[in-house]
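Undergrad: model the following, please.
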Amino acid sequence: MPLDDALKKAIIQMPPKEKDKLLLRLIGKDKALSDRLYFELIEDSSTTQERRQEIKSKIVRLAQMAQHTPGWILMDMRTLSSDIAYHVKVTKDKYGEIELNLYLLNAFFEYQPEPLRIYTSRTEKCAVYMTKKAKTLLNRLDKLNSDYYEDFAQDVNRLLQQLHAMCTQHYARQMSIPREWP
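TA: Numbers count the residues shown, from 1 in each chain. Below is the predicted model of the structure:
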């Protein structure tokens, strides 16, 4: 919501003590903002690697659980995707966004091959989700500086191989996902 110029001037002219109280109250009501400020001011943006590692361990823990249906896999992937999105919102970590989403897709293909092997009506939603996520990931990779391609090439090609071999193969062809990258 844009502020009126008169209101901006009035806020600027407020006494510092009163302004600080209002600012602290407002920050306290927005968890993402308070987490971002904590990350930038207290942690000095130095804990990005630790935060990534924490999400990776959560991905491995959930991917290794005995999933018997693609529905449970899809639910876990969506939960983890929201964790990754929150991480990016707090840290502004674009490299980490690509790394974590790539790790997420590869982990579920690696640890849950049986429920994802054959396309059926039960695997359809999960297959669509995974293929769209891979397509989005490839689009983000194209926007990334080409110097980083070497960091991701092996994992991306492993993902593409899985996409064209598992239940996602129909959607991978439909969405024109390449078989090799870059």
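Undergrad: ok, which stretches of this protein are strands?
TA: For the chain, no strands turn up when DSSP state E is the criterion.
Undergrad: now Y119: phi and psi?
TA: Dihedral angles of Y119 (phi, psi; degrees, to the nearest 10) stand at phi -80, psi 120.
Undergrad: nearest residue to it other than its sequence neighbours?
TA: Take Y119 and drop its neighbours on the chain: the residue closest to it by C-beta to C-beta, 6 or more residues apart in numbering is C167, 4.2 Å away. Any C-beta I mention is one placed from the backbone N, CA and C, and that applies to glycine too.
Undergrad: for the lengthiest helix in the chain, packing partners?
TA: For the chain, the helix reaching the highest residue count under DSSP state H is reported as helix 70-91. Contact here means 3 or more C-beta pairs under 8 Å, 6 or more residues apart in numbering; DSSP states H and E; on that basis helix 70-91 packs against helix 31-37, helix 48-64, helix 94-111, helix 113-117, helix 124-143.
Undergrad: helix 70-91 and the second one, what's the angle between them?
TA: Same thing as helix 48-64. Orientation of helix 48-64 against helix 70-91 (axes from the mean of the first three to the mean of the last three C-alpha atoms, to 10 degrees) gives an angle of 170 degrees.
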